[in-house]
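# this is the structure alone, sequence omitted:
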DNA sequence: TTGTTGACCCAAG
DNA sequence: TCTTGGGCCAACA
């Protein structure tokens, strides 16, 4: 089968996103697009952002997902600042040693996390990670 | 089953 | 640098 993801017997795309995000090392960051690519969905960046958004609402994350380590491809925090979310994210990153600009910008050349390969992700999703 | 909704990405201007 | 416009995707009503 090629494209049917209506009823996936495995983890949903969201869970796959969470699994990958949990692998981001402390003090490093990556982008939504990169996470999407790691999951074999090069164009699903928006869905990744949506997944993290849902995470913030549900507030049910055990173990917790370090969502603050995910920013956009321009190295900027794109979290809505309604709840002070963007500021919170910046604070969390700084606490990990990541230099965040006053304009909520991070130097990807320094802090970018390259990511994982598909095979490693398969292991993680299979519970061997 | 269809339409809507985003914490996106990329190429131009 | 910043702003626009078009494209892509998954979850949900």
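Everything's here; your move. Everything numeric in this text was worked out from a predicted model, so none of it was measured.
# could you say which helix or strand contains residue A:51?
Under the criterion of DSSP states H and E, residue A:51 resides in helix A:45-58.
# where do the strands sit along chain A?
Using DSSP state E, the strands assigned to chain A run over residues A:30-31, A:70-71.
# circling back: which parts of the helix holding residue A:51 are buried?
A:45, A:47, A:48, A:49, A:51, A:52, A:55 (16 or more other C-beta atoms under 10 Å). Where you see a C-beta, it was placed from the backbone N, CA and C, and this is true even at glycine.
# verify the contact between the fourth one and residue A:32 for me.
Okay, so that is residue A:49. Yes: look at residue A:49 against residue A:32 with C-beta atoms under 8 Å: they come within range, at 5.1 Å.
# stretch A:63-74 close to DNA strand B?
Yes: counting by C-beta under 7 Å from any atom of the strand, DNA strand B has neighbours in stretch A:63-74: A:67, A:70, A:72, A:73, A:74.
# how many neighbours does the third one have?
It refers to residue A:72. 16 (other C-beta atoms under 10 Å).
# that one reaches residue A:31, doesn't it?
Yes: Residue A:72 is in contact with residue A:31 according to C-beta under 8 Å; the separation is 5.8 Å.
# against residue A:36, how distant is residue A:43?
7 Å (C-beta to C-beta, to the nearest Å).
# what residues are up against the closest residue to residue A:124 other than its chain neighbours?
With C-beta to C-beta, 6 or more residues apart in numbering as the criterion, residue A:124 has its nearest non-adjacent residue at 5.3 Å, and that residue is residue A:19. Taking C-beta atoms under 8 Å, 6 or more residues apart in numbering as the criterion, residue A:19 is in contact with A:11, A:121, A:124, A:125, A:129.
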